[in-house]
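K.L.:
sequence first, predicted coordinates after that:
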Amino acid sequence: MNKLVIANSGTGQIGKSSSLRAVYQLLKGKGYKLLVEEWQGTDIKAIFEIDGVKVGIESQGDPSTNMEDTMEEFVKAGCDIIITACRTKWGTYDKVAVYLGKDNGYDVLWAAHYVYQAPGADETRAFLNTRYAQQVYQLIKDRINGVL
């Protein structure tokens with residue numbers, strides 16, 4: 001199986017982190033073995049074992065966060081699949097495209113969660129984040145099963 005990074009890419013303040021927290025909650029709810037779980041405020045860094053495959057999740061993706069260090073930790077931990085938030089350019093983008101993709105041989109899948117910015121639509125955003133999490137989960141299973 002080739003290593004894979006799913007990079008939830010986008011501009012600031014559009015919900016990248018909350019969509020990845022939904023992925024974390026989905027995996028945790030399915031009962032997969034949790035090897036690492038570290039919270040920094042509302043952001044999560046976690047490593048799950050899914051069918052013998054290490055899957056790292058980092059919800060921070062903005063510049064000047066721990067995202068860049070976490071990617072190095074995930075590589076050292078032997079994560080086969082990494083799911084992270086990142087911006088569309090500069091430091092966090094380069095960490096995915098260059099450090100993970102070019103330097104460490106991960107296939108890079110650029111993704112984007114659903115962005116719904118209607119005022120007072122928290123329930124709709126939560127619903128859409130759950131849908132996004134289900135899609136990411138299916139991508140994980142597809143990679144593990146050799147479909148992707």
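P.N.:
Nice, thanks for sending it over. Numbers count the residues shown, from 1 in each chain.
K.L.:
output the lowest mean pLDDT helix or strand found in the chain.
P.N.:
Scoring the helices and strands of the chain by mean pLDDT, DSSP states H and E places helix 90-94 at the bottom, with a mean of 90.
K.L.:
pull the longest helix from the chain.
P.N.:
Longest helix in the chain, counting residues (DSSP state H): helix 122-144.
K.L.:
need the residues that contact that one.
P.N.:
1, 4, 6, 15, 18-19, 21-23, 25-27, 30, 50-51, 53, 55, 81, 83, 109, 111, 113-114, 116, 118, 148 (Cβ atoms under 8 Å, 6 or more residues apart in numbering). Where you see a C-beta, it was placed from the backbone N, CA and C, and this is true even at glycine.
K.L.:
filter the residues you listed down to the ones in helices?
P.N.:
Checked against DSSP H, the contacts of helix 122-144 include these in helices: 18-19, 21-23, 25-27.
K.L.:
top of those by neighbour count?
P.N.:
Greatest neighbour count in the ones in helices among the contacts of helix 122-144, by other Cβ atoms under 10 Å, goes to residue 23: 28 neighbours.
K.L.:
who's in contact with that residue?
P.N.:
Neighbouring residues of residue 23 by Cβ under 8 Å, 6+ apart: 57, 83, 132-133, 136-137.
K.L.:
next, give me the two most distant ones among those residues.
P.N.:
57 and 132 (13.0 Å; Cβ to Cβ).
K.L.:
more neighbours: the two, which one.
P.N.:
Per other Cβ under 10 Å, whichever of residue 57 and residue 132 has more neighbours is residue 57, with 27 against 22.
K.L.:
ok, the more buried one touching residue 27?
P.N.:
Yes: between residue 57 and residue 27 there is a contact at 7.5 Å, judged by Cβ atoms under 8 Å.
K.L.:
which neighbours do those two share?
P.N.:
Common neighbours of residue 57 and residue 27 (criterion: Cβ under 8 Å, 6+ apart): 46, 48.
K.L.:
residues in contact with residue 56?
P.N.:
Per Cβ under 8 Å, 6+ apart, neighbours of residue 56: 36, 45-47, 70, 73-74, 77, 79, 81-84.
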